[in-house]
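Student: Give the three-dimensional model of this entry:
(2 chains)
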Amino acid sequence: ETGVTQSPTHLIKTRGQQVTLRCSSQSGHNTVSWYQQALGQGPQFIFQYYREEENGRGNFPPRFSGLQFPNYSSELNVNALELDDSALYLCASSNYLGGGDTQYFGPGTRLTVL
Amino acid sequence: AQRVTQPEKLLSVFKGAPVELKCNYSYSGSPELFWYVQYSRQRLQLLLRHISRESIKGFTADLNKGETSFHLKKPFAQEEDSAMYYCALSGLNNAGNMLTFGGGTRLMVKP
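Tutor: Here you go, the predicted model:
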């Protein structure tokens, strides 16, 4: 069984640039969720994708957007990067059962915005 | 709105001592609660979830709906338990499956 993978591991961007982060879900999972984890804090929910549609969104501006592909892999796109976007971005996959299902996390992508 | 509070950022105990990591939550519906753990240089992984009622690595957690708590306990701490622990809540039957995390507690077990 292949676990959740994310790429790249680290990324450095400057303010105003755009970034795309990638996630491959665990085999057999149909749902991908994205979280932002700032230094010293718990992860914060950005959004979730189920069967290629957005299935819930946290308190993040529209410049955070995503996609899910037919193979259930996913992308997180962030436009007009700000310094506060510097964080660890976590992807989690699960088998959506209507709520309460266990989410399995990837290793994360560390984004630094200068 | 969902909210999870972990009041201690750092908990330091000696090997063999009992451990209790506190977690309080706020949620109007029927919550599903989780404990996730992150060992040094490893990914976030599930430790246990309320609904399965399992004991993992000697840890247990009881949901107390009256006190809205889900404290994590272990009777005898081991050095390998040193890690970052996160309590998380998922609302059952929500559209989406959002996990709301607490700020985390770093557990240090001293020899």
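Student: Can you tell me which residues in chain A are near chain B?
Tutor: A:31, A:33, A:35, A:40-45, A:48, A:50, A:55-58, A:90, A:92, A:94, A:96, A:98-108 (Cβ under 8 Å from any Cβ of the partner chain). Placement of C-beta: from N, CA and C, glycine included.
Student: Would you write out the PyMOL command that picks the buried residues out of those residues?
Tutor: Those of the residues of chain A next to chain B that meet the burial criterion (16 or more other Cβ atoms under 10 Å in any protein chain shown) are gathered into one PyMOL selection, given here:
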select buried, chain A and resi 31+33+35+42+43+44+45+48+50+55+56+57+58+90+92+94+96+99+100+101+102+103+104+105+106+107+108
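Student: Mind checking which of the residues of chain A next to chain B land in helices?
Tutor: With helices taken from DSSP state H, there is no overlap with the residues of chain A next to chain B.
Student: partners of the helix or strand of chain A with the lowest mean pLDDT, with directions?
Tutor: Within chain A, confidence by mean pLDDT, DSSP states H and E is lowest for strand A:53-57 among all helices and strands, at a mean of 88. The strands beside strand A:53-57 in its sheet (DSSP bridges) come out as strand A:44-50 (antiparallel).
Student: Relative to chain B, which residue of chain A is the closest?
Tutor: A:G56 (2.1 Å; Cβ to the nearest Cβ).
Student: picking that back up, just checking, which helix or strand succeeds the least confident helix or strand of chain A along the chain?
Tutor: Where DSSP states H and E defines the elements, the next helix or strand beyond strand A:53-57 is strand A:64-68.
Student: quick revisit: help me confirm that the residue of chain A closest to chain B comes into contact with A:Y49.
Tutor: No - counting by Cβ atoms under 8 Å, no contact exists between A:G56 and A:Y49, whose distance comes to 9.0 Å.
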